[in-house]
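Would you be able to build a 3D model of this:
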Amino acid sequence: MRLLYLLNVSNSSQLSADSGYTFADLLAPALTDAGAEVTVASPVPVGDTRVHFAPTTSPSTKYRARFDPGMDALVSLIRDRRPEVVVANQIEAAPAIRAALLEAGVDALIAGYCHYLPFSFTDTGVLELDPAMNDRGLGRSVLLAFAAGLGACDRVLVHSSTAASWTTAAAARTGVDLGDKLHIVPAPRDVRLVRDPADITPPEGRATGVYNHRLYAHYGTARFTRLARRLVADAPVRLTVMDLFGTRSPERIRLDPSPERHLEELATTDGVTIASDRGDRVRYRNLLAGAHFGIAPFRPGCPWSMSVIDCQAMGLPVIGPRTGWLAEHIDHELLFDTDEQAVQIAARLATDAEFYLVHAKRAYASTADLTPAVVAARYLEAIK
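Alright, predicted model coming up:
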């Protein structure tokens, strides 16, 4: 199978903060091991030299990635590579990919992978647009472009049951029938971030929690900041907050200055330490190994989180709000609805060794089926 993997990298200078790139870097070699001939078309190559590389230009903004697919470049790339399958990691680009295939005279299957959903659903079934994609009211247009992309795909892959449910509901509301082309294929865990729970020592009365998510306002960072103050004040807990972006470009800050604002606020909170892995996965592993538990993002309707999987594969229990995929995936004893409940759970993890070790083992076990080889097999089965 000749597979052309179209990858949009949002920030090539901070690859460690780009989950889509990490996904490709883990999956493409595993697909190669399984017999596929993989070409990754991206601004940067993946680490395995067996994977072919076709350089592309990174879109300057998140909206260009959705509304400016670059038809001329697509047609040239398709004529050059003659793929049998094209993977669209930017769903909104799928109609342009279909048109480019027609123009190039190439008959290939289009598989769309929904790394990101520009919407979510409340518990009462209300569709809410993602504020990150709704600058000056663009959210509705992004939703319709996403739906058009779903309609242009032959296969639609999502991370979780929650994401499958939401994607199906959003497609139905926009007149797109997904039929039998929807498949659940979770993301692989990072092989560099795996630790046997048998090697884990429980905290001795004081625990360190790690929050390693983007500090955008739409990730619920204001709510996390409020909880952070409660945790360090009312529980035997200290927190490490990851600075995933470092110094961002003026263009990105102009679009959304919330990460810098939240980072400054957290940096001045007693009991909170700001840390960076500097793009080094070994340093990242060491930071996780030095913590005792993780905290999930507060993003409304979270459909998946690579950072949560990173923590769990390292044997770190993850506590999180009872919402979206988090409620599907995280052990129910570690879910909370209020800050008070979160404080109680964190305090128990810090002081109850038996409770801690049970959840360390459960966290690790929840990622056991996410090895790149297993995920690659599911991926290839889905796009047959």
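
okay, and for the stretch 151-300 of the chain, where does confidence drop off?
Along the stretch 151-300 of the chain, the model assigns pLDDT under 70 to no residue.

which residues of it fall in strands?
155-158, 182-184, 207-211, 237-242, 272-275, 293-295 (DSSP state E, counting those that start in this stretch).

Relative to Pro197, which of these is closest?
Distance to Pro197, taken as CB to CB, is lowest for strand 293-295 among the strands of the stretch 151-300 of the chain, at 13.2 Å. Any C-beta I mention is one placed from the backbone N, CA and C, and that applies to glycine too.

Tell me the strands beside the closest one, with direction?
Strand pairing for strand 293-295, determined by DSSP bridges: strand 207-211 (parallel), strand 318-321 (parallel).

contact partners of that strand?
Outside strand 293-295, the residues that touch it by CB atoms under 8 Å, 6 or more residues apart in numbering are 207-212, 224, 227, 239, 288, 307-308, 311-312, 316-320, 346, 349.

hmm, back to that, let's have the strands paired with strand 293-295 in JSON lines, adding distance to Tyr356 and mean neighbour count.
Formatted as JSON lines, the strands paired with strand 293-295 follow (distance: least, CB to CB, whole Å; neighbours: other CB atoms under 10 Å):
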{"stretch": "strand 207-211", "distance to Tyr356": "8", "mean neighbour count": "24"}
{"stretch": "strand 318-321", "distance to Tyr356": "12", "mean neighbour count": "25"}
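
Looks like Ala187 contacts Pro303 (just checking).
No - the pair Ala187 and Pro303 does not pass the contact test of CB atoms under 8 Å, sitting 11.1 Å apart.

joint contacts of those two?
Contacts common to Ala187 and Pro303, judged by CB under 8 Å, 6+ apart, are His159.

The two - which one has more neighbours?
Using other CB atoms under 10 Å, the more surrounded residue of Ala187 and Pro303 is Pro303, with 25 against 22.

For the more buried one, give me its contacts.
Cys114, Leu117, Ser120, Val158, His159, Ser160, Thr162, Ala163, Trp166, Gly324, Trp325.

Ser258: which of those residues is nearest?
Ser120 (18.4 Å).

now for the helix or strand where the closest one lies, which elements pack on it?
Using DSSP states H and E, the element containing Ser120 is strand 119-121. With contacts taken as 3 or more CB pairs under 8 Å, 6 or more residues apart in numbering; DSSP states H and E, strand 119-121 sits against strand 127-129, helix 139-152, helix 161-173.

And the helices in the stretch 151-300 of the chain?
Assigned by DSSP state H, counting those that start in this stretch, the helices in the stretch 151-300 of the chain fall at 161-173, 221-234, 250-255, 258-267, 281-289.

Dump those helices to JSON lines, plus mean neighbour count and distance to Asp25.
Below are these laid out as JSON lines (neighbours: other CB atoms under 10 Å; distance: least, CB to CB, whole Å):
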{"stretch": "helix 161-173", "mean neighbour count": "18", "distance to Asp25": "21"}
{"stretch": "helix 221-234", "mean neighbour count": "19", "distance to Asp25": "27"}
{"stretch": "helix 250-255", "mean neighbour count": "12", "distance to Asp25": "22"}
{"stretch": "helix 258-267", "mean neighbour count": "16", "distance to Asp25": "24"}
{"stretch": "helix 281-289", "mean neighbour count": "16", "distance to Asp25": "10"}
